[in-house]
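Asker: Need the 3D shape of this:
(2 chains)
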2 protein chains.
Amino acid sequence: MAPKKILMIILDGLADRPVADLGNKTPLQVAERPNLNWFAENGMCGLMDPIAPGIRPGSDTSHLAILGYDPHKVYTGRGPFEAAGVGLSLEPGDVAFRCNFGTIDQEGLVRDRRAGRIREGTSEIASDLDGLAIEGADITFKEGTEHRAVLILRGKGLSPKVTDVDPHKVGVRYLKCQPLEPEASKTADIVNEFVEKSRKILENHDVNKKRLENGDLPANIIMPRGAGVYPHIQSLEEKFGLRSAVVGGVTLVKGICKVAGMDTIDVPGATGGLDTDMIAKGQAAIRALESYDLVFLNVKAGDICGHDGDADGKVKVVQRLDQMMSIIRKEIPDDVVMAVTSDHTTPVSIRDHTGDPVPLMIYGKDIRVDDVTSYDEMAVAKGSLGRIRGSDLMPILINLSNRAEKFGA
Amino acid sequence: MAPKKILMIILDGLADRPVADLGNKTPLQVAERPNLNWFAENGMCGLMDPIAPGIRPGSDTSHLAILGYDPHKVYTGRGPFEAAGVGLSLEPGDVAFRCNFGTIDQEGLVRDRRAGRIREGTSEIASDLDGLAIEGADITFKEGTEHRAVLILRGKGLSPKVTDVDPHKVGVRYLKCQPLEPEASKTADIVNEFVEKSRKILENHDVNKKRLENGDLPANIIMPRGAGVYPHIQSLEEKFGLRSAVVGGVTLVKGICKVAGMDTIDVPGATGGLDTDMIAKGQAAIRALESYDLVFLNVKAGDICGHDGDADGKVKVVQRLDQMMSIIRKEIPDDVVMAVTSDHTTPVSIRDHTGDPVPLMIYGKDIRVDDVTSYDEMAVAKGSLGRIRGSDLMPILINLSNRAEKFGA
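Answerer: Next comes the predicted model:
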């Protein structure tokens, strides 16, 4: 039996809890979604705990689990995956941070953790901060998508055991980076010096002058977080024999995929934002199946609406995603096994990730179709996949694509 | 509360995927099976991943898991379990191989890996190969059921780290045994010498002359595989306090049960083949419950049809198994907890084991009966057992038979 190809679609943060304004239904339940439902009707469904029941996943840990890795073993902080995603290579000993361009007021209180979701000018700012002279480490700084950036420290005796500068909420002061062990105090000092030196550069930066003129929030602080060192993980090719690629997506997701040895396929119009061209991403994924064994497609839009608490926006995102699924329904080759799921639940009522399980649907020829006919959080719970963990998904797809090695005889 | 007895019935390889020729239903779904369904209606159902979701089990690793062992810890290759199954005792240092009687052509290409499913004459051939003089090891060779046999090497400095002689497919040359580490080259040499010396003995063997006269394929090669050393595992009596027995079954299954400390009950007419007397096996299992705490019954026939790609044959096997279940339905004592499941899925479309989960049904007095009324791959997914792993089955049965030790106070 010839091995099949695998298409994995992550509807990022799309799963939700019942929303009062939507009649106590989830955005998925109220949205028109004929194509997602068609796949549910013709596939098998279930619930998936990205990490384990009740565990609240980050985007990074959940993506690692869904790709078949044990995040408890390979996850060393968000920074290194962000770094990989913007094309920066780490060396052993380097410490990497995920950063936000943020907005603080004159007292240092955080007004917006994303500087008004800044999109333009970040590369000009980044080039002025890259290579900043600080004693004890070489500084690399590069922008990611939207308000995201990466800071890498390279030097002797650095440690990732330091706290975040980003306070993770608004209306409070940005934090001093602190060492979590005595050996890390040098690293914390370097981070704090970077934050203060960059504040001075940002204060009168042309990009910010222009933003203020346009009534936009200035990017007047860089807030590092998620310190980590280079993760050593087996590629998907070594682990499962899969040549694989990721289509579009945000920096962090691309970074994880890159560390897993996947090629990156950039799609014009794929922004990682709400305005992303989902149709183009779906078409690119189908095309990529010609050259790869595994194609991984992440669409971030649902998660953004979850973080913004925007229920109506999330309903509209589901409907746009459903149009993407109509392209895939028309064009998916016969020899493909497809999974559609989310990396975590991002309820609009919570505005952040929660540990609720996410819907999972698997479609392909010859699989055991169950009688679930609706793709939503409640309906899939009655499906034949039962309740699995994120780390089970890859083995299940490897099996259904007839690629599994026999354990025993 | 008095402890109950346990009856574990393994419908070997019976689970399947939807078959196009059966209207996209599985053999289980289309077969008449009033008794299996009666048990489903009066028991509780679920899905079981013999090892873990998506993991493709061998018969050996899955049986170990179902009996409550961790195959990742105790599995050392198939040979030792086959050896135990034919009544050979291993000593520490011995290396055991599962072998096939096979048929090769004059160029050494494998024509049939099972010598036309040879059944008669294997003991005569085996007695001529047993004790074959080869420098460096004492040779023990004994036939198993049908085309199966066991080779044991006893001597100093032997290693199980060698490759298979059996190429596992037809139309290709049989393989030279190769060492996987330098210390194993002596063992590989001995295996290759055994294969060549036995070829000469088989060439003009009376059994083969007779087979050729009858138009049967000759057994003109012995193909060793699955090298392993003696596994150290706790018996079921030590582990769970169960006096236990296995009824009939093929060599490998009996071997695993023997290593687990179970008695073997031989049943006249139980061949391990398609023509096995299932009624006799069912009756023997019921009788054995008088003397044992756990009775283990494996019926291989469904797996054979799966490997042969024979959907209609598999449907007929289900119907014969259902007649066996009618005997058990009539005669099962009140104080017995019974599980009916498979050790793995063997889809007729794949002709080999896959990692799809298998149906599980548990029946007995006082258990929580759910509303599943059909014993098949899809229906059981809605049962109250949910989706469990093979290694969970034994603890569940130990609990339902009121034999579990309390963990804590």
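Asker: In chain A, which strand is the longest?
Answerer: Looking across chain A with DSSP state E, the single longest strand is strand A:95-104.
Asker: Tell me the first helix or strand C-terminal of that one.
Answerer: strand A:110-112 (DSSP states H and E).
Asker: tell me what that following strand is packed against?
Answerer: Judged by 3 or more CB pairs under 8 Å, 6 or more residues apart in numbering or on different chains; DSSP states H and E, strand A:110-112 is in contact with strand A:95-104. For the C-beta atoms, the positions are set from N, CA and C on the backbone; glycine is no exception.
Asker: Quick check: A:Ser59 vs chain B, distance?
Answerer: Look at A:Ser59 and chain B: by CB to the nearest CB, to the nearest Å, they are 23 Å apart.
Asker: for A:Val162, same thing?
Answerer: 37 Å.
Asker: before we move on, what about A:Glu32?
Answerer: A:Glu32 sits 28 Å away from chain B, going by CB to the nearest CB.
Asker: isn't that residue right up against A:Asp322?
Answerer: Yes: the criterion here is CB atoms under 8 Å, and A:Glu32 meets it with A:Asp322 at 6.8 Å.
Asker: Looking at these two, which is more packed in?
Answerer: A:Asp322 (21 against 12; other CB atoms under 10 Å in any protein chain shown).
Asker: Smallest gap between the stretch 301-409 of chain A and chain B, at which residue?
Answerer: A:Gly408 (2.4 Å; CB to the nearest CB).
Asker: Please name the nearest non-neighbouring residue to that residue.
Answerer: B:Gly58 (2.4 Å; CB to CB, 6 or more residues apart in numbering or on different chains).
Asker: what residues are up against the one you found?
Answerer: A:Lys406, A:Phe407, A:Gly408, A:Ala409, B:Arg78, B:His344, B:His353 (CB atoms under 8 Å, 6 or more residues apart in numbering or on different chains).
Asker: Rebuild those residues as TSV, extending it with secondary structure and pLDDT.
Answerer: Formatted as TSV, those follow (DSSP: H, G, I helix; E, B strand; the rest coil; pLDDT from 0 to 100):
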residue	secondary structure	pLDDT
A:Lys406	strand	92
A:Phe407	strand	93
A:Gly408	coil	87
A:Ala409	coil	79
B:Arg78	coil	84
B:His344	coil	98
B:His353	coil	97
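Asker: Out of these, which two sit at the greatest distance?
Answerer: B:Arg78 and B:His344 (14.5 Å; CB to CB).
Asker: Just give the nearest non-adjacent residue to A:Ile286, would you?
Answerer: A:Ile286 sits nearest to A:Glu331 (CB to CB, 6+ apart), 4.7 Å away.
Asker: do A:Asp206 as well
Answerer: A:Glu124 (7.4 Å).
Asker: Same check on A:Ile125?
Answerer: Per CB to CB, 6+ apart, closest to A:Ile125 is A:Val207, 5.6 Å.
Asker: Would you state the strands of chain A in chain order?
Answerer: According to DSSP E, chain A carries its strands in the segments A:5-11, A:44-49, A:95-104, A:110-112, A:138-143, A:148-154, A:221-228, A:244-247, A:263-265, A:294-299, A:336-341, A:358-363, A:386-389, A:406-407.
Asker: Now render those strands as TSV, adding distance to B:Ser62.
Answerer: What follows is the strands of chain A, written out as TSV (distance: least, CB to CB, whole Å):
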stretch	distance to B:Ser62
strand A:5-11	25
strand A:44-49	22
strand A:95-104	43
strand A:110-112	55
strand A:138-143	50
strand A:148-154	46
strand A:221-228	39
strand A:244-247	29
strand A:263-265	36
strand A:294-299	27
strand A:336-341	23
strand A:358-363	22
strand A:386-389	19
strand A:406-407	9
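Asker: For the helix or strand of chain A with the lowest mean pLDDT, output the C-alpha coordinates as PDB.
Answerer: Taking mean pLDDT, DSSP states H and E as the measure, the helix or strand of chain A with the lowest value is helix A:79-85, at a mean of 85. Coordinates of each C-alpha in helix A:79-85 appear next as PDB, following Å, rounded to 0.1, in the frame of the first residue of the first chain:
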ATOM      1  CA  GLY A  79      12.800  33.200  22.000                       C
ATOM      2  CA  PRO A  80      14.700  30.500  20.100                       C
ATOM      3  CA  PHE A  81      11.600  29.600  18.000                       C
ATOM      4  CA  GLU A  82      10.900  33.200  17.200                       C
ATOM      5  CA  ALA A  83      14.500  33.700  16.200                       C
ATOM      6  CA  ALA A  84      14.400  30.700  13.800                       C
ATOM      7  CA  GLY A  85      11.200  32.200  12.400                       C
END
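Asker: Show me what it is packed up against.
Answerer: strand A:95-104, strand A:148-154, strand A:221-228, helix A:251-259.
Asker: Counting by contacts, list what the biggest helix by length in chain A packs against.
Answerer: Counting by DSSP state H, the longest helix found in chain A is helix A:311-331. Helix A:311-331 sits against strand A:5-11, helix A:27-30, helix A:34-41, helix A:278-288, helix A:301-308, with contacts defined as 3+ CB pairs under 8 Å, 6+ apart.
Asker: Which residues of the stretch 251-400 of chain A lie near chain B?
Answerer: With CB under 8 Å from any CB of the partner chain as the criterion, the stretch 251-400 of chain A comes near chain B at residues A:366-371, A:382-388, A:392, A:394-400.
Asker: So which of those residues sit within helices?
Answerer: If you go by DSSP H, those have A:Asp392, A:Met394, A:Pro395, A:Ile396, A:Leu397, A:Ile398, A:Asn399, A:Leu400 in helices.
Asker: Residues contacting the longest helix of chain A, please?
Answerer: Counting by CB under 8 Å, 6+ apart, A:7, A:9, A:11, A:14, A:16, A:19, A:21-22, A:27-28, A:30-36, A:38-39, A:274, A:278-279, A:281-283, A:285-286, A:299, A:301-302, A:305-306, A:338, A:340, A:348 sit against helix A:311-331.
Asker: hang on, A:Gly226 packs against A:Asp164?
Answerer: Yes: contact criterion CB under 8 Å: A:Gly226 and A:Asp164 qualify, at 7.0 Å.
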